[in-house]
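> A structural model of the following input is requested.
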Amino acid sequence: MATLIEDYALIGDMQTAALVARDGSVDWLCLPRFDSPAVFAGLLGTDDHGFWRLAPAARGPGRTATARRRYRGDSLVLESEWDTPEGTVRVIDFMPPRRHAAPCLVRIVEGVTGRVRMSSALRMRFSYGRVVPWVRREGGRCAGGLADRTVAVAGPDSLWLDTEAETYGSDLTTHADFTVTAGRRVTLALSWQPSHLAAPPRPDAHRLLCDTERFWADWIAQCSHTGRWREAVVRSLITLKALTYAPTGGIVAAPTTSLPEEIGGVRNWDYRYTWLRDAAITLGALLRTGYREEARRWREWLLRAVAGDAQNLQIMYGVAGERELAESELGWLPGYEGSRPVRIGNGAADQLQLDVYGEVVDALWLGQTSGLTPDVRDDSTHILQMKLMNHLESNWQEPDEGIWEVRGPRRHFTHSKVMTWVAADRTMRRLSRPGLDGPVSRWRALRDEVHREVCAKGYDADRNTFTQSYGSRELDASLLLIPQVGFLPPDDPRVIGTVEAVQRELCEDGFVRRYPVADEVGGLSGGDGLFGGTRLPTGDGLPGGEGVFLACSFWLAHDLALIGRPAEGRRLFERLLALRNDVGLLAEEWDTERQRLVGNFPQAFSHVPLIDAALRLGGQPVL
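Down below sits the predicted model:
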C-alpha cells in the first residue's frame with residue numbers, strides 16, 4: 001500500500017525538494033530543479049521507480065514507522081527517531097542551500113541509546129523511474145571520513161553516494177548495512193552532477209548541517225509576526241520559502257506532480273511551475289510578515305517572464321520564466337494508489353484566466369505601498385502595469401476559464417470580473433498618490449463599470465448571493481474573496497448572504513468545496529449529471545470529484561471574522577490547523593470520507609491563506 005500523503009515531510013534546498021516518509025524512505029526527488037525528471041519516483045509508482053530507504057534493519061514483515069519526528073527548530077532540517085528493542089536511533093535529513101555547489105541530500109544517522117542495526121537501500125532511477133543507470137564503486141578516503149563512493153550514470157545525469165559505511169549491490173539496488181551505538185554517527189550523502197563533468201567534491205556533512213541550520217535561523221529571524229498561532233505561521237512561511245526557486249525568485253505551487261485530488265481519479269496535475277496567481281498571493285503573505293527580499297526577487301522574475309508581451313500573459317511559467325509547458329502522460333507509472341494518468345507539464349498554461357491580471361497588479365501595489373521600491377513613473381514596474389491594464393481594458397468582457405482552470409467552455413466568471421475591478425482600483429489608487437501623473441479618471445471609470453456589471457449580472461437577488469458566473473445558479477468559493485479584496489464592505493448584506501450561501505451549499509463537514517461537482521449516484525450537484533449510472537464530466541469539463549479545498553476553507557474562516565463572527569471563524573481555523581500533518585504541512589485538499597489529505601503536497605495555495613487567516617483572526621491588519 002502506498003504511503004499516505006500526510007506521512008511525508010519536506011526537505012529542500014530552494015531549487016528542488018524531496019519527500020521523506022515516516023518509514024525513512026525518500027520517495028520523491030527531482031534533480032537538479034523542481035521541474036526536472038525525478039530520480040526517485042516511487043511516490044507515483046512502486047519501489048522499482050526509485051527510492052532511498054534508511055531505517056533500522058527490519059526484523060519481520062513490513063516497515064517500521066518512525067516513533068517521532070520533527071523539524072529542528074524553525075528550519076527545514078528533519079529529525080526522525082526510532083525506538084527498537086536494541087536501542088534508539090536518530091536520522092537527520094536535510095538539503096543544504098545550494099549556492100554554487102552540487103545539489104546534495106544528506107542523511108546523518110546518530111546512535112542515541114543501545115546498539116541499533118541500520119539498513120540503507122538506494123535504488124537510483126532516472127527519467128521518472130524509466131532509466132536504470134550504470135553503477136560502479138570508487139574508493140579513497142577523504143578528510144571528511146567518507147570513504148565509500150558509488151556513482152550512477154545515465155545519459156546527462158550522474159548521482160554520487162558518499163558514506164563511511166561499506167556499500168554493496170544487489171537487485172539493482174545499492175545497499176549499506178551498519179550498526180550505530182550511542183554517540184556514533186554515520187553519514188550518507190547523495191549528490192547530483194551533470195554526467196560530463198568531473199566528480200563533485202565529497203560533502204562535509206557536519207559543516208553543511210551547521211550552515212543549513214544557520215541559514216534558516218537567520219531567515220526566520222526576519223519574521224515580523226509575533227501573534228497568535230505563530231508556530232503555524234512560521235512553518236507555513238518556511239514551506240513557502242522552500243518552494244521558492246532561489247536562482248530566479250520564481251515560486252512553485254507545489255514540488256510534486258499528479259498527487260490525485262480524488263484517490264483513483266484522473267484529476268492529477270503537475271504543480272511544479274510558477275502560477276502568477278499563487279506567486280502573487282505568496283508575495284503578499286511574505287510582505288505582510290516582513291520578507292521584502294523575496295518580494296523584490298519575485299518582481300524581477302515577473303518582469304523577465306512577461307517581458308513586453310503583456311497581451312499574451314500566461315497564467316503560469318517555468319521557474320526561470322519558461323513559456324513552453326507542454327502536457328504529456330507517463331504511461332509507465334501506475335500513479336499514486338492507482339490514480340492515473342501521471343502527467344508532466346500543464347496544458348492549463350494556455351488558458352485565458354483574466355483574474356491573474358488583478359492578482360499581479362494587486363501584488364505590485366502591495367509591494368509599492370510596503371516601500372519595496374521607489375514609486376516612480378518611469379520604472380519597469382510601471383511600464384509593465386500599464387501594459388497589463390491596457391490589455392485588460394480591451395479584453396475584460398471576454399469569457400475565460402476562471403481561477404479553477406476548468407477544461408470546459410469559457411464563461412463569464414464572477415471572480416474574474418471582481419479581479420478586473422481590483423486591477424483598475426489598485427492602478428487608480430497608485431496614480432492618485434502624490435507626485436504621480438496618469439489617467440486616474442480612465443481607470444476609475446473602468447473600475448466603476450466593472451462594479452456595476454458584477455452587481456447586476458453576477459448576483460442572484462432571490463437567494464441574496466453572488467454566483468459562480470453570469471446567469472448561473474451555482475456557487476463558487478472564490479466569491480469569498482469579494483470582501484477580502486475590498487470589492488464590497490464586509491457588512492454589505494450581499495457579502496453576508498454570499499458567505500451564508502457558501503456555508504449552506506458548498507460546505508461538507510464544515511469545510512468548503514470549490515464549486516459543485518457530480519455526485520457518484522443520484523444525479524448532479526451542478527454540471528451535466530449522470531446517465532446510465534456512469535459518472536460524467538461536471539461543469540468543469542472533468543469526470544469524478546475532489547476533496548474539500550483547504551484554501552477555500554481558510555477563506556471562509558477569514559470571512560467569518562470580517563462579517564463579525566470571529567469566534568466561529570476561530571473554531572473553523574483551529575479545525576483546519578488540526579488537518580496539518582505531524583510536521584505542520586498541508587496538501588491541496590482534504591478527503592472528508594477517507595479522512596486524509598489529497599492533492600499535490602505541500603501546497604503553497606493552502607499555506608498562504610493559513611497565514612492571512614491567522615493574521616486576521618489574531619487581530620493583526622491584513623493589508
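> which residues of the stretch 301-450 of the chain score low on pLDDT?
For the stretch 301-450 of the chain, applying pLDDT under 70 flags the ranges 308, 373-378, 435-436.
> the strands in it, which residues?
With strands called from DSSP state E, counting those that start in this stretch, the stretch 301-450 of the chain shows them at 316-317, 328-329, 343-344.
> Just say which of the ones you listed is most tucked in.
Ranked by mean neighbour count, those are led by strand 316-317 with a mean of 26 (mean count of other Cβ atoms under 10 Å). (Each C-beta comes from the backbone N, C-alpha and C, glycine too.)
> Quick check: which helices or strands does that strand pack against?
strand 274-275 (3 or more Cβ pairs under 8 Å, 6 or more residues apart in numbering; DSSP states H and E).
> run the last query once more with 10 Å
strand 274-275, helix 276-288, helix 292-306 (3 or more Cβ pairs under 10 Å, 6 or more residues apart in numbering; DSSP states H and E).
> In the lengthiest strand in the chain, which residues are buried?
Criterion DSSP state E: the longest strand present in the chain is strand 104-123. Buried residues in strand 104-123, counted by 16 or more other Cβ atoms under 10 Å: 104-112, 116-118, 120-123.
> tell me the two of those residues that are most distant?
In terms of Cβ to Cβ, these reach their longest pairwise distance at V112 and R123, which sit 27.6 Å apart.
> tally of neighbours for the residue nearest to D7 when sequence neighbours are not counted?
Distances taken as Cβ to Cβ, 6 or more residues apart in numbering place R22 nearest to D7, at 4.6 Å, with adjacent residues excluded. Per other Cβ atoms under 10 Å, the neighbour tally for R22 reads 22.
> ok, R22 touching D582?
Yes. Using Cβ atoms under 10 Å, R22 makes contact with D582 at a distance of 8.5 Å.
> shared neighbours, the two?
Taking Cβ atoms under 10 Å, 6 or more residues apart in numbering as the contact rule, R22 and D582 both touch 6-7, 9, 66, 68-69.
> among the residues you listed, which one has the lowest pLDDT?
Lowest pLDDT among the shared contacts of R22 and D582: T66, with 86.
> Tell me who's in contact with L286.
222-223, 237, 240-241, 244, 251, 292-295, 298, 608, 611.
> Tell me how far it lies from H607.
Shown here: L286 relative to H607, a distance of 11 Å by Cβ to Cβ, to the nearest Å.
> what is in contact with those two at once?
With Cβ under 10 Å, 6+ apart, L286 and H607 have common neighbours 237, 240.
> Tell me where the stretch 101-250 of the chain is predicted with low confidence.
139-146.
> Test my guess that A320 contacts T248.
Yes. Look at A320 against T248 with Cβ under 10 Å: they come within range, at 5.0 Å.
> Common neighbours of these two, please.
274, 301, 304-305.
> Mark which of the residues you listed are buried, thanks.
274, 301, 305.
> JSON lines for those residues, including distance to E86?
Shown next, in JSON lines, are these (distance: Cβ to Cβ, whole Å):
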{"residue": "T274", "distance to E86": "47"}
{"residue": "W301", "distance to E86": "51"}
{"residue": "A305", "distance to E86": "54"}
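> Among those residues, find me the one that's closest to E329.
Nearest member of the buried ones among the shared contacts of A320 and T248 to E329, counting by Cβ to Cβ, is T274, at 22.2 Å.
> which of A320 and T248 has more neighbours?
T248 (20 against 16).
> isn't that one right up against E294?
No. Using Cβ under 10 Å, T248 is not in contact with E294; the gap is 11.8 Å.
> ok, back up a step: JSON lines please, covering the helices and strands packed on strand 316-317 and showing distance to T84.
Output for those, formatted as JSON lines (distance: least, Cβ to Cβ, whole Å):
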{"stretch": "strand 274-275", "distance to T84": "43"}
{"stretch": "helix 276-288", "distance to T84": "41"}
{"stretch": "helix 292-306", "distance to T84": "42"}
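> Give me whichever of those is most buried.
strand 274-275 (a mean of 29).
> So what are the sheet partners of that one and their directions?
strand 316-317 (antiparallel) (DSSP bridges).
> Would you indicate which residues of stretch 502-516 are buried?
Under 16+ other Cβ under 10 Å, the buried positions of stretch 502-516 are 502-503, 505-507, 511-516.
> Using CSV, lay out these together with secondary structure, distance to L259 and pLDDT.
As requested, these are exported to CSV (DSSP: H, G, I helix; E, B strand; the rest coil; distance: Cβ to Cβ, whole Å; pLDDT from 0 to 100):
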residue, secondary structure, distance to L259, pLDDT
V502, helix, 26, 98
Q503, helix, 28, 98
E505, helix, 27, 96
L506, coil, 23, 97
C507, strand, 24, 97
F511, strand, 19, 98
V512, strand, 20, 98
R513, coil, 18, 97
R514, coil, 17, 96
Y515, coil, 21, 93
P516, coil, 23, 89
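> ok, so of those residues, who is nearest S127?
For the buried residues of stretch 502-516, the nearest to S127 is R514 (33.5 Å; Cβ to Cβ).
> From E588, how far out is the closest residue to the closest one other than its chain neighbours?
Closest residue in space to R514, ignoring its immediate chain neighbours: F549 at 4.7 Å, by Cβ to Cβ, 6+ apart. Per Cβ to Cβ, F549 is found 7 Å from E588.
> any common contacting residues for those two?
Residues touching both F549 and E588 by Cβ under 10 Å, 6+ apart: 261, 599, 603, 605-606.
> From the residues you listed, which land in helices?
Of the positions in the shared contacts of F549 and E588, 605-606 sit in helices, assigned by DSSP state H.
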